[in-house]
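**Student:** coords below, sequence missing:
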């Protein structure tokens with residue numbers, strides 16, 4: 001409020017005064033309404049990703065009027081690459097949908113086997129899955145792996161090469177720059193491999209890839225690699241393969257039985273392994 005030169009009050013900042021001068025009714029200001037909540041029903045093993053103190057098949061989340069369903073699901077700890085269909089009253093909705101107060105959303109896990117983005121599929125593993133990478137290569141799967149790759153490098157390569165990023169790092173799974181990713185279940189390498197094969201059912205070609213560099217193996221005559229073999233190996237074995245990328249030489253040696261067991265567990269016919 002300020003005083004004019006004639007001593008009368010001049011209320012210049014009042015909405016009521018402005019509305020009165022214009023012949024309009026003043027606009028009433030209301031408190032912002034609370035958007036409410038929605039219930040997320042998590043299917044399969046999705047509750048495993050929810051913090052222990054909130055872990056349950058049903059999680060109620062607060063709406064803020066702007067967050068999408070995808071953001072609400074991720075707020076519980078569930079990464080979107082692990083989510084299949086999102087259903088409201090049986091109708092499928094997208095992750096960009098904005099639910100209303102009182103709605104119930106069925107969050108289904110990815111249906112197995114999951115469709116592959118490329119044929120044959122290409123995989124990329126984070127630094128903690130070296131054992132899984134070797135077994136995948138034994139089965140002939142295109143498996144990129146480096147024991148010193150950082151998260152940004154992994155995300156960039158997954159996008160550039162259209163590779164499925166396999167990880168147990170939830171932070172990596174939530175990176176929007178990664179087009180295809182999957183959480184690997186299991187702490188033992190055998191369990192991780194079983195989970196991968198169950199989820200993607202990829203076509204296998206055992207003993208066709210180098211376990212060291214992922215290159216393709218090709219049959220090679222013994223005479224061509226004799227200078228790289230120990231005397232005992234030259235006397236004992238006749239059939240060899242060589243990696244076309246790094247030159248590593250392979251034959252059925254002491255580890256053949258163990259590798260054959262990996263192949264049999266994957267439901268394929270044993271072939272040739274590395275010593």
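**Tutor:** Looks like it came in fine. Quick caveat: nothing in here was measured; it's all calculated off a predicted structure. Numbering: from 1, shown residues only.

**Student:** beta partners for the closest residue to residue 224 other than its chain neighbours?
**Tutor:** Leaving aside its sequence neighbours, residue 224 sits nearest to residue 242 (C-beta to C-beta, 6 or more residues apart in numbering; 7.7 Å). The way it works is simple: take the backbone N, C-alpha and C, and place the C-beta from them, glycine included. Listed by DSSP bridges, the beta-bridge partners for residue 242 are residue 218, residue 249.

**Student:** low pLDDT regions in this structure?
**Tutor:** The chain contains residues with pLDDT under 70 at 1-34, 268-275.

**Student:** name the single longest helix found in it.
**Tutor:** helix 189-200 (DSSP state H).

**Student:** what is that one packed up against?
**Tutor:** Judged by 3 or more C-beta pairs under 8 Å, 6 or more residues apart in numbering; DSSP states H and E, helix 189-200 is in contact with helix 130-138, strand 181-183, helix 256-265.

**Student:** take these and write them to JSON lines, including mean neighbour count.
**Tutor:** Output for those, formatted as JSON lines (neighbours: other C-beta atoms under 10 Å):
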{"stretch": "helix 130-138", "mean neighbour count": "22"}
{"stretch": "strand 181-183", "mean neighbour count": "21"}
{"stretch": "helix 256-265", "mean neighbour count": "16"}
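
**Student:** ok, residue 186 touching residue 195?
**Tutor:** Yes - here residue 186 reaches residue 195: they are 5.5 Å apart, a contact under C-beta atoms under 8 Å.

**Student:** which of the two has more neighbours?
**Tutor:** residue 195 (18 against 14; other C-beta atoms under 10 Å).

**Student:** spatially nearest residue to the more buried one (excluding sequence neighbours)?
**Tutor:** Closest to residue 195 by C-beta to C-beta, 6+ apart is residue 185, at 4.4 Å.
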